[in-house]
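Trainee: Next one to model:
(2 chains, ligands or ions: 2)
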Amino acid sequence: MKKRILVVDDEEGLRLLYKEELEDEGWEVELAASGEESLEKLERDSIDLVLLDIKMPGMDGVEVLRRVKEKWKELPVILCTAYPHYKHDFGTWASDAYITKSSDLTELKQTVKDILGKRP
Amino acid sequence: MEYDIIEKVSDLAASDLPLDSKLAEAAGILLEYFPFDQCLLYLEEEGALKLRAEANGKAFAVKVYAMGEGLPWHACETGAPVEAFKAPEAASWEGIEDNGLFGAGHALAVPLKGSGRVYGVIYFKSAERKPLSLPKRRMCRIAALQVVSLLRCAQLSSDHRRVYDELLQMQQKLVDSEKLLALGDMAATLAHEIRNPLLSIGAYAARLRRQLPPDSPGLKYLEQMSADIGRIERIMNGIIRFLKDNAVELKTEDLDSIADESLAIFSDEFLAHNIRVERLGAGQKLPVLADREQMKIAFDNLIANAIQSMENGGTLFVSTAFLGGFAVARLSDTGGGIDPRYLGYIFNPFFTTKKHGTGLGLPIASSIVMRHKGQLEAGNEGPGAVFTIKIPYAGARETASITPAS
Ligand SMILES: Nc1ncnc2c1ncn2[C@@H]1O[C@H](COP(=O)(O)OP(=O)(O)O)[C@@H](O)[C@H]1O
Ligand SMILES: [Mg+2]
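Mentor: Numbers count the residues shown, from 1 in each chain, chains lettered A, B, ... in the order given. Ligands and ions are numbered 1, 2, ... in the order given. Take a look at the predicted model:
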């Protein structure tokens, strides 16, 4: 079975972009437009990895991360951030990886591959 | 009437006149009051008594008495008024040589003494002997005290002016740094808003590029687009480093080793551009309260600029030292220096003279240094530019050296 990634980002353009790019890599992709929606989807669907934007209106990425790790300890989470220095923030320590947002998606794809194993 | 003189001299002390005008007027007032032909005011400067003011300057006056010379020094040394009665044609009195005594039958030297030090002498002379009543003699001492307080007033107000000027300068620097930080915040917000759409444009351009057939003419347009988007992204990353909430984590760090580590990162570049590095260490640890990673970014930006100014070779001098209560790092290069017309602008965000520059290196470096309560200064020296980072020293032995000599 293909492994499934949940992409959480409030920007529609980026959600679609991540979906297409990650599907090209052979992963299955689910989308959520907000922190709240992502938690609902996690309850319903089986998800192998969460790709989480930090800066979202409403419930932000750090809060989502906290709740995810409370409920699904083993579920890996990649934080996407605009700040190159976010690692200093305690709230983000629980994530399995974090990447700096960039139009070059190589780092993102590589990180996903590292976490989910070489083969989907 | 008798006490007029006190009032006059104190009025003078409080006035706005420059010191030399005050002294000249004081000499005039003294001469009006005491029955002499001439009144000279000598002040002690660098171990000599120098003539600073005279009333009735037509008569001969010695300009400078070297240490120990003449009646004025004699008065300074005794610490009390010295009065001489003599034959006018002699240039000495009781074994004391003094060319100033030539032509004087009566002379009186009153030391200007106050709070344990001698500031100078009031020197009265006249051709004939003048009777001085006891009250006048007493008055003479009081007048001397008045002149001393005039001198101290002048000194205080010049100290005051100097401190005031320094404050003004510091305030200007603060205003500048506030402006820079405010501008940084605005730019950071902007960068944030631009970042996501930019990411989307760039990544879709990359997707499109992959989907076009390899011989498609559109391919090179897309490549150009991607390259330019990459460039904007780099600028945005630079701006985001300004972020206020990107707070510095201050720990005791050694500035000496921070400089070394930053230099080490560039070793390949130094080689590639034929740049020699001369490193003069402090010979001791230079403890400062610093965020090591941030401080390295500041150094990186300065080193990168130096390398860019010496693409065809040169020397980079990097010295670190403990100086006047600061840990100081100095980077100078031989890359031709900064055009003096631009010296006032190089710390402004986006100011660049380079084709592919971002103009963010120096503003980032200076905002980092400022967050460490330090200063970053730029200038030219010899064949290149010199940048100086000063951070308050956080070592144990600073108290003795930081306290300014009073
Ligand atoms: N070491 C140096 N030698 C000569 N000019 C310099 C040096 N460092 C900085 N400058 C000048 O200051 C400008 C601003 O520098 P900076 O803020 O780092 O931006 P950038 O390097 O992207 O131009 C440079 O474009 C250059 O004109
Ligand atoms: Mg630069």
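
Trainee: I'd like to know how many residues surround residue 113.
Mentor: With no chain named, the answer covers chain A. Counted by other CB atoms under 10 Å in any protein chain shown, the residues lying close to A:K113 total 15. Using the backbone N, CA and C atoms, a C-beta is placed for each residue, glycine as well.

Trainee: switch to chain B, that's the one I care about
Mentor: Applying other CB under 10 Å, I find that B:K113 has 19 neighbouring residues.

Trainee: Could I get the contacting residues of the spatially closest residue to it that is not a sequence neighbour?
Mentor: Setting aside the residues directly before and after it, B:K113 is nearest to B:G79 in space (CB to CB, 6 or more residues apart in numbering or on different chains), at 6.2 Å. In this structure, B:G79 makes contact with B:111, B:113, B:118, judged by CB atoms under 8 Å, 6 or more residues apart in numbering or on different chains.

Trainee: how about TSV for these, with secondary structure, distance to B:Q284 and pLDDT added?
Mentor: Conversion of the contacts of B:G79 to TSV gives the following (DSSP: H, G, I helix; E, B strand; the rest coil; distance: CB to CB, whole Å; pLDDT from 0 to 100):
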residue	secondary structure	distance to B:Q284	pLDDT
B:P111	strand	48	95
B:K113	strand	46	91
B:V118	strand	43	91
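
Trainee: what does the stretch 251-400 of chain B have sitting close to ligand 1?
Mentor: On the criterion CB under 6 Å from any ligand atom, ligand 1 has as its neighbours in the stretch 251-400 of chain B the residues B:301, B:305-306, B:309, B:333, B:335, B:337-338, B:342, B:346, B:351-354, B:357-362, B:385.

Trainee: Briefly note if the helix or strand containing B:V288 comes near chain A.
Mentor: For B:V288, the enclosing helix or strand under DSSP states H and E is strand B:287-290. No: applying CB under 8 Å from any CB of the partner chain, one finds strand B:287-290 out of contact with chain A, separated by at least 14.7 Å.

Trainee: got the contact list for that strand?
Mentor: Outside of strand B:287-290, the residues that reach it under the criterion CB under 8 Å, 6+ apart are B:248, B:250-255, B:258, B:327, B:372, B:374, B:391-395.

Trainee: One more: stretch B:86-97?
Mentor: If you take CB under 8 Å, 6+ apart as the criterion, stretch B:86-97 is touched by B:69-71, B:74, B:84, B:98-99, B:101-107, B:127.

Trainee: could I get it in PDB with only the CA atoms?
Mentor: Output in PDB follows, covering the C-alpha atoms of stretch B:86-97 (Å, rounded to 0.1, in the frame of the first residue of the first chain):
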ATOM      1  CA  LYS B  86      62.700  96.800  45.100                       C
ATOM      2  CA  ALA B  87      64.700  99.100  43.000                       C
ATOM      3  CA  PRO B  88      62.900  99.400  39.600                       C
ATOM      4  CA  GLU B  89      66.000  98.800  37.500                       C
ATOM      5  CA  ALA B  90      66.700  95.300  39.000                       C
ATOM      6  CA  ALA B  91      65.400  92.200  37.400                       C
ATOM      7  CA  SER B  92      65.500  90.100  40.600                       C
ATOM      8  CA  TRP B  93      64.400  90.300  44.100                       C
ATOM      9  CA  GLU B  94      65.900  88.500  47.100                       C
ATOM     10  CA  GLY B  95      67.800  86.200  44.800                       C
ATOM     11  CA  ILE B  96      64.800  85.400  42.700                       C
ATOM     12  CA  GLU B  97      65.500  86.200  39.000                       C
END
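
Trainee: ok, whichever residue of the stretch 101-250 of chain B sits closest to chain A - how many residues close by?
Mentor: Across the stretch 101-250 of chain B, no residue is closer to chain A than B:G202, which sits at 2.5 Å (CB to the nearest CB). Residue neighbour count, defined by other CB under 10 Å, stands at 23 for B:G202.

Trainee: Include distance to ligand 2 when you put the contacts of B:G79 into TSV, please.
Mentor: Listed next are the contacts of B:G79 as TSV, based on distance: CB to the ion, whole Å:
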residue	distance to ligand 2
B:P111	62
B:K113	60
B:V118	58
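
Trainee: could you point out which element follows the longest helix along chain A?
Mentor: In terms of residue count, the longest helix belonging to chain A (DSSP state H) is helix A:12-24. Proceeding C-terminally, helix A:12-24 gives way to strand A:28-32 as the next helix or strand, assigned by DSSP H and E.

Trainee: Now do the same for the closest residue to the residue of the stretch 101-250 of chain B closest to chain A other than its chain neighbours: its pLDDT.
Mentor: Spatial nearest neighbour of B:G202, chain neighbours left out: A:S103 (2.5 Å); criterion: CB to CB, 6+ apart. The predicted local confidence for A:S103 comes out at a pLDDT of 86.

Trainee: now do B:G95
Mentor: Among the per-residue scores, B:G95 shows a pLDDT of 90.

Trainee: For residue 15, list the residues it contacts.
Mentor: Because you didn't say which chain, this covers chain A. Applying CB under 8 Å, 6+ apart to A:R15 gives the contacts A:7, A:9, A:31, A:33.

Trainee: switch to chain B, that's the one I care about
Mentor: Counting by CB under 8 Å, 6+ apart, B:S15 makes contact with B:K22.

Trainee: right, and B:Y65 touches B:W73 too?
Mentor: Yes: taking CB atoms under 8 Å as the contact criterion, B:Y65 and B:W73 are neighbours in contact, 5.6 Å apart.

Trainee: got any residues that touch both of those two?
Mentor: Applying CB under 8 Å, 6+ apart, one finds that B:Y65 and B:W73 are jointly contacted by B:L49.

Trainee: From B:R330, how far off is B:G336?
Mentor: Shown here: B:G336 relative to B:R330, a distance of 18 Å by CB to CB, to the nearest Å.
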